[in-house]
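Q: sequence first, predicted model second:
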Amino acid sequence: MIEASNICVTFNKGTPLQATALRDVSLSVPDGQFLTVIGSNGAGKSTSLNVIAGLVRPESGKVMVAGSDVTDWPVYRRAKLISRVFQDPKMGTCEDLTILENFALAYGRTTPRGFSFAIDKTLRERAAERLKLLGLGLENRLNDKVGLLSGGQRQAVSLLMATSGETRVLLLDEHTAALDPKTAEFVMELTRTIVAELKLTSVMVTHSMAQALHYGDRTVMFHRGKIIFDVSGEKRAALTVPDMLDLFKRDQGEELSDDALLLG
Amino acid sequence: MSLYELLGTVEVGLVFGLVAFGAYLSFKVLDFPDLTVEGSFPLGGAVCATLIAAFGWNPWLATLGAAAAGFAAGWITAYLNVRFNILHILAGILVAIALYSVNLRIMDGPNKPLLNASTVFSGLEGWGVPTYMLSPALLLIMVIVIKIALGLFLHTGVGLGMRAAGANPAMAEANGVNVGRMKLMGIGLANALTGMAGGLFAQIFGAADAYMGIGVIIIGLASVIVGMSLMPTRTVAQAIFACLIGALLYRFAVALSLNADFLGLKASDVQLVTAILVVVTLVSQSSRSGFGKLLKRKPR
């Protein structure tokens, strides 16, 4: 479903601030897989998500989504195939618009926008039906501006919006990082339910190793612009957070010894 | 103030209501501070007057021609911003300055009189009611039709995309809205309204003038600010209506200052009064104390 091959990204190339974000990364996510991505700051996990979404153009490499080569597609064109939930709850929804208008925008992602009214009875019913899933009573507040909702409510609405329409690929960029633990868990459980129900191909970036192992069915770890390990299936089921820390330390150690070798 | 003066003020206020709709679209909806209007207002006047006086066009078609010319001007500004990443304010200034020369070319001189030419208001003669009473009525109908059309447009799929493109561009792109195209269309539309206002203004005063655009940006913006700080703006329809009321109130404030001999003001002081009025409104909007509370209906 998602096929990124030989992706290289360098920021501020040719300036003193040059930073290599991705070094020849290849990642393939088959149809219906829920992939979790971890890594420390600057490891390249968010950059790889941005490459898939189209916010960052790779210097070299190719991105295929649902059989189309999207490497040169702008963000708005990719939106037909890919939907996204941002880290900042303020980013995923439009606070000056009502809940219903936000839904109308999200439906416009896969159905062409025209000069007919954005909101009709069908949309109102579909949005209310989706919002009932949350159990937050938002189905009765369809005409309230989204700016009136709390961060957790907004993130839940973003998630519903991203999974409405016919999009098959869902990108989650640390979408619970800005929420309190209880709300974060609520949004994560909601994510799990929706992804399973709609059999979405999903990529979730997270800072939390526990979250990365607990949710989804495959985990990759980025370090210094490369994927340093990739686990799935039984091996992943047996893995715990301390195991993972050990793995990370070992890998970092190897990197360090490599540097030492080079310097020596 | 006599009835004649009163209706004259309403007439001009309604014309500037169209400019205020344009300013609402660019400044409020698209969050794009567009200064093109300083050039597109006289452009509309020049195109309209020239089409009527030199080419004998039907005045209604000439007014639409003014709107089309305005659209083109706004589109160029947005194109400079979207395609070449020129700062929006600068792009607007560049186009407005260029339009000054363009307008002189169009009119083949600094102005274009419409003496004895037929205008959209000519058809109002001979009804047994003075035209100074009928022309504000005709303008009112036109402005209300445009107000409703604009409100409906902003509720269509494309209109909703435009509102999202201004309010949260990253979110709009992620939801498949082509933000660049929305700017081209929206800023074009805003200047089409301004161009149309310029065309009507020229027909009311019987001439187009190269200098008629001076201060139009302030008039449009002041109308939006005054209207939106005094009136409820919860829905799009309310916000657009507030802009129209703002334009009328603003015009009355100007008329009052022009007639304020008792304050020692002269007609030439009008631009100073204008600027002070806008500053007072802006300050009252930003401050949460003092006279800000008096002006604001619901504090945010």
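A: Yep, that arrived.
Q: assign a three-state SS to A:Gln87, would you?
A: coil (DSSP: H, G, I helix; E, B strand; the rest coil).
Q: can you map out the helices along the stretch 101-250 of chain B?
A: B:131-153, B:157-167, B:169-174, B:179-205, B:216-230, B:236-258 (DSSP state H, counting those that start in this stretch).
Q: any part of the third one near chain A?
A: Meaning helix B:169-174. Yes - Helix B:169-174 comes into contact with chain A (Cβ under 8 Å from any Cβ of the partner chain), by way of B:Ala170, B:Met171, B:Ala172, B:Glu173, B:Ala174. From N, CA and C alone the C-beta is placed, and that goes for glycine too.
Q: mind listing what the nearest residue to the first one once chain neighbours are set aside touches?
A: Residue nearest to B:Ala170 in three dimensions, not counting chain neighbours: A:Met91, with 6.0 Å by Cβ to Cβ, 6 or more residues apart in numbering or on different chains. With contacts defined as Cβ atoms under 8 Å, 6 or more residues apart in numbering or on different chains, the neighbours of A:Met91 are B:Asn168, B:Ala170, B:Met171.
Q: which one of the residues in the stretch 201-300 of chain B is closest to chain A?
A: B:Arg234 (8.4 Å; Cβ to the nearest Cβ).
Q: closest to A:Leu138 among the contacts of A:Met91?
A: A:Leu138 has its nearest neighbour among the contacts of A:Met91 in B:Met171, at 18.2 Å by Cβ to Cβ.
Q: where in chain B is pLDDT low?
A: Along chain B, segments meeting pLDDT under 70 span B:1, B:260-261, B:285-300.
Q: same check on chain A?
A: A:251-264.
Q: enumerate the residues of it near chain B.
A: Counting by Cβ under 8 Å from any Cβ, chain A sits next to chain B at A:53, A:74-77, A:79-80, A:83-84, A:86, A:91-97, A:101, A:104-106, A:108-110, A:112-119, A:161.
Q: that older thread, from the contacts of A:Met91, list the buried ones, please.
A: B:Asn168, B:Met171 (16 or more other Cβ atoms under 10 Å in any protein chain shown).
Q: closest to chain A out of the contacts of A:Met91?
A: For the contacts of A:Met91, the nearest to chain A is B:Asn168 (4.6 Å; Cβ to the nearest Cβ).
Q: tell me if I'm right that the closest one and A:Cys94 touch.
A: Yes - at 4.6 Å, B:Asn168 counts as touching A:Cys94 under the criterion of Cβ atoms under 8 Å.
Q: related to what we said a few turns ago, pick the one among the residues of helix B:169-174 next to chain A closest to B:Gly44.
A: Using Cβ to Cβ, the residues of helix B:169-174 next to chain A come closest to B:Gly44 at B:Ala172, 29.8 Å.
Q: what's the closest non-adjacent residue to that closest one?
A: B:Ala164 (4.0 Å).
Q: if we can go back for a sec, in ChimeraX, select just the buried ones from the residues of chain A next to chain B.
A: Selection of the buried residues among the residues of chain A next to chain B in ChimeraX, burial being defined by 16+ other Cβ under 10 Å:
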select /A:53,75,76,77,79,80,83,84,86,91,92,93,94,95,96,97,101,104,105,106,108,109,110,113,118,119,161
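Q: of the residues of chain A next to chain B, which belong to helices?
A: Among those, DSSP state H puts A:Ala53, A:Val75, A:Tyr76, A:Arg77, A:Met91, A:Gly92, A:Glu101, A:Ala104, A:Leu105, A:Ala106, A:Met161 in helices.
Q: ok, which stretches of chain A are strands?
A: Taking DSSP state E, the strands of chain A run over residues A:2-11, A:19-29, A:34-39, A:60-65, A:68-69, A:82-85, A:169-173, A:201-205, A:218-223, A:226-232.
Q: partner strands of the shortest one, with direction?
A: Counting by DSSP bridges, the strands paired with strand A:68-69 are strand A:60-65 (antiparallel).
Q: repeat for the longest one
A: Neighbouring strands of strand A:19-29 in its sheet, by DSSP bridges, are strand A:2-11 (antiparallel).
Q: mind listing what's buried along the strand it pairs with?
A: Quick answer for strand A:2-11 (16+ other Cβ under 10 Å): A:Ile2, A:Glu3, A:Ala4, A:Ile7, A:Cys8, A:Val9.
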